[in-house]
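S.K.: below: sequence and its predicted model.
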Amino acid sequence: MASAEEGLTVDGKLSEIFSEGYDLYKSIETSPKPFNSEEFQEDVKKCIHLFEDSTRLVSIIGMFSTNEQAEEIATDNLKYLLLPFFLGQLTSKIQKRDRLECLKVAEVYYRDFIKRCEDYEIVKRESEIAELNSTPRDEKAELVQMAIKRNTKIEKYRQKKELEEQLKMLKIAIERDNVDDEIKRDFYMKLIQSSIIETKDELDSIKMELQILEMRKSSGAEELENSDSFNGGPPSHSHDSSHNHRHHHHYRPEPLKPIIITRNEMQKAVYGMGYPSLPVMTVSEFYDQRVAEGIFPDPEKAAHMKPVTGEKTEEEVEQERAEQDELEEADDETYLARRRAFDEYKDNVRRGDGNRYNRS
């Protein structure tokens, strides 16, 4: 596993990879290119890979803990809480893939983002909100509930607009040199709060779209089944068998799945049972994979590498002394002249120099 020195290397890589991904994400959000264009989709794909690697590196460093509160997170680390939100946004923009598959993966990312924010008490838990909104099932109570929901939507819209205006001003401030830590922290917290509101809207939209797609999928399967039974079974493959063979074995891309990283084998077993369709790997497995790809340093090779420090090793000191002794014995003129000059050097200090505190 990675040592402390390698951890610094990984931390540096995380900052670089996230910055590259965030710059690309901002350009995607403001891009005039059509969603289904090749260039736009390539940018989305690249940005997803960058944020996936950032997520893995956050797990390696062990940056977040459920025992902490938002106030305990370092200001520069707050932005990494947004990783699942960014991945959810990007996944929903993917074209030329099964829409149902993309929506389910985006939903996993959005729910993971909300869960992290709940753990850090940035937002109230869904169970607490549901308990506050629960009312008896009668006509009067339902009217009251409808009014509460309407007012909540209006308040949410107002908050979103206020946050957008505040973020515009803070964004200008944090782009300056030597920005104050409090301003930077305020920007990240407001960005997280704005993303929470957007995430809840996205989850509502995904829920509605999933219902429509599931209905369309089931109705399409029923139509195909009815068509087969009407024709007396599945269509014959006797005509143009080569064409049917090529059609049957057409290329299918790998399933789109969210990245879930766990810290050890026990968590891997638990998450694997809870999310059987998700690819789960431990931090050690991910690090070994990156070492094999040549991205991270090999721990064994790094252990034998000479440390880059300002201090000399014992072997170097001994070798230097031996060289000096040889030069003295050989009466090397250059070496002896340098030594004599060093012995004759005097540090002249004039009268009155030194600590003149409280003196005229």
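M.R.: In hand now; what should we look at?

S.K.: which SS state does K96 fall under?
M.R.: Three-state assignment for K96 (DSSP: H, G, I helix; E, B strand; the rest coil): coil.

S.K.: quick one: residues contacting it.
M.R.: N36, Q41 (C-beta atoms under 8 Å, 6 or more residues apart in numbering). Every C-beta, even on glycine, is put in place using the N, C-alpha and C of the backbone.

S.K.: from T30, how far off is it?
M.R.: For K96, the distance to T30 equals 22 Å [C-beta to C-beta, to the nearest Å].

S.K.: do R97 as well
M.R.: Noted for R97: a distance of 23 Å to T30, by C-beta to C-beta.

S.K.: which of those two has more neighbours?
M.R.: R97 (14 against 6; other C-beta atoms under 10 Å).

S.K.: what about the helices in the stretch 1-150 of the chain?
M.R.: For the stretch 1-150 of the chain, the helices defined by DSSP state H, counting those that start in this stretch cover 4-29, 38-61, 83-91, 99-119, 126-133, 139-174.

S.K.: quick one: closest of those to S219.
M.R.: Ranking those by their distance to S219 (criterion: C-beta to C-beta) puts helix 99-119 first, at 13.7 Å.

S.K.: buried set for that closest one?
M.R.: 101-114, 116-119 (16 or more other C-beta atoms under 10 Å).

S.K.: with stretch 68-80 instead?
M.R.: Neighbour-count burial for stretch 68-80, counted by 16+ other C-beta under 10 Å, picks out A70, I73, L78, K79, Y80.

S.K.: now do the same end-to-end measure for that stretch.
M.R.: 15 Å (C-alpha to C-alpha, to the nearest Å).

S.K.: quick check: closest non-adjacent residue to L14.
M.R.: Distance criterion C-beta to C-beta, 6 or more residues apart in numbering; nearest residue to L14, sequence neighbours excluded, is L57 at 4.1 Å.

S.K.: relative to N77, how far out is that neighbour?
M.R.: For L57, the distance to N77 - C-beta to C-beta - is 12 Å.

S.K.: equivalent analysis for A341, please.
M.R.: Separation of A341 from N77 (C-beta to C-beta): 54 Å.

S.K.: rebuild the helices of the stretch 1-150 of the chain as a markdown table, extending it with mean pLDDT and distance to V291.
M.R.: Compiled in a markdown table, the helices of the stretch 1-150 of the chain are given as follows (pLDDT from 0 to 100; distance: least, C-beta to C-beta, whole Å):
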| stretch | mean pLDDT | distance to V291 |
| --- | --- | --- |
| helix 4-29 | 80 | 10 |
| helix 38-61 | 92 | 12 |
| helix 83-91 | 95 | 23 |
| helix 99-119 | 91 | 27 |
| helix 126-133 | 55 | 40 |
| helix 139-174 | 80 | 35 |
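
S.K.: most packed of the ones you listed?
M.R.: helix 83-91 (a mean of 24; mean count of other C-beta atoms under 10 Å).

S.K.: that helix vs helix 38-61, what angle?
M.R.: 160 degrees (axes from the mean of the first three to the mean of the last three C-alpha atoms, to 10 degrees).

S.K.: name the helices or strands packed onto helix 83-91?
M.R.: Packing contacts for helix 83-91, counted by 3 or more C-beta pairs under 8 Å, 6 or more residues apart in numbering; DSSP states H and E, involve helix 4-29, helix 38-61, helix 99-119, helix 181-230.

S.K.: which other helices and strands contact the shortest one?
M.R.: Just to be clear, that refers to helix 99-119. Using 3+ C-beta pairs under 8 Å, 6+ apart, helix 99-119 sits against helix 83-91, helix 181-230.

S.K.: so what's the closest residue to D186 other than its chain neighbours up against?
M.R.: Of all residues not flanking D186 in the chain, L170 sits nearest, at 6.2 Å (C-beta to C-beta, 6+ apart). Residues near L170 by C-beta under 8 Å, 6+ apart: I183, D186, F187, K190.

S.K.: hmm, try it at 10 Å
M.R.: For L170, the contact set (C-beta atoms under 10 Å, 6 or more residues apart in numbering) comprises L163, V179, I183, K184, D186, F187, Y188, M189, K190, L191.

S.K.: among those residues, which ones are buried?
M.R.: Buried by 16+ other C-beta under 10 Å: L163, K184, D186, F187, Y188, M189, K190, L191, out of the contacts of L170.

S.K.: let's have these in TSV, adding distance to M208.
M.R.: Supplementary listing: these in TSV, determined by distance: C-beta to C-beta, whole Å:
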residue	distance to M208
L163	24
K184	37
D186	34
F187	32
Y188	31
M189	30
K190	28
L191	26
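
S.K.: which of those sit farthest apart?
M.R.: Taking C-beta to C-beta as the measure, the buried ones among the contacts of L170 span a maximum distance of 16.3 Å, between L163 and K184.

S.K.: R99 contacts E209, correct?
M.R.: Yes - here R99 reaches E209: they are 7.9 Å apart, a contact under C-beta atoms under 10 Å.

S.K.: now for the two: what residues contact both?
M.R.: Common neighbours of R99 and E209 (criterion: C-beta under 10 Å, 6+ apart): S92.

S.K.: between the helices and strands packed on helix 83-91, which gets nearest to A322?
M.R.: helix 4-29 (30.6 Å).

S.K.: so how far is R97 from E52?
M.R.: Distance from E52 to R97, by C-beta to C-beta: 16 Å.

S.K.: picking that back up, and which of the buried residues of stretch 68-80 is nearest I154?
M.R.: Nearest to I154, judged by C-beta to C-beta, of those is A70 at 26.8 Å.

S.K.: many thanks, we can stop here.
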